[in-house]
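Student: Provided below are the primary sequence and the corresponding predicted coordinates.
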Amino acid sequence: MRRNPPTLLFAFLLIGIGVLLLLQQANVIRDDISLWPIVLIAVGLVLLVERFVSGGSRGSGFVLPLVIVAIGVGSLLQDLGTFEDDEVLVPLLAIAVGIGLVLGARPSRPSARSERAE
């Protein structure tokens, strides 16, 4: 029986969130670091992997996952004290949207059906 990749990715996401919560309770992760940025990064990466596994989508299909990752990275950098204000968020969002558009513009792989039809 073949597993549905999005379901499997969601399961790994839940396991990862549980591990993070456990590490924070065990004081391995500092209390002043919020877990939400890490969860945002994980959700964005799961969505990004789903896009790649499904063969990608045309247009802006990669923009949303990369924007979610960028918001998570910006928030995590603020929590770590690397940046004091939201000064890092706009450049990160610009980079994420640009990369998403580049990935969306790449030619898609031909499907197995189109190869058999030829």
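Tutor: Okay, I see it.

Student: Run through this structure and note the low-pLDDT ranges.
Tutor: Counting by pLDDT under 70, the chain has low-confidence residues at 1-6, 55-60, 107-118.

Student: Quick one: end-to-end distance for stretch 24-40.
Tutor: Start-to-end span of stretch 24-40 (Cα to Cα, to the nearest Å) is 17 Å.

Student: any idea how far it is from the chain center?
Tutor: From the chain centre to the centre of stretch 24-40 is a distance of 18 Å (Cα atoms, centre = their mean, to the nearest Å).

Student: and that stretch, which residues are buried?
Tutor: 24, 29, 35, 37, 38, 39, 40 (16 or more other Cβ atoms under 10 Å). Placement of C-beta: from N, CA and C, glycine included.

Student: Considering those, which is situated nearest to residue 83?
Tutor: The shortest distance between residue 83 and any of those, using Cβ to Cβ, involves residue 37 and amounts to 12.4 Å.

Student: what residues are up against the closest one?
Tutor: Neighbouring residues of residue 37 by Cβ atoms under 8 Å, 6 or more residues apart in numbering: 71, 72, 73, 74, 75, 76, 79.

Student: wait, doesn't the first one sit right on residue 40?
Tutor: Right, the one you point to is residue 71. Yes: with contact defined as Cβ atoms under 8 Å, residue 71 and residue 40 form a contacting pair (5.8 Å).

Student: between the buried residues of stretch 24-40, which is nearest residue 88?
Tutor: Sorting those by how near they are to residue 88, with Cβ to Cβ, puts residue 37 at the top with 12.1 Å.
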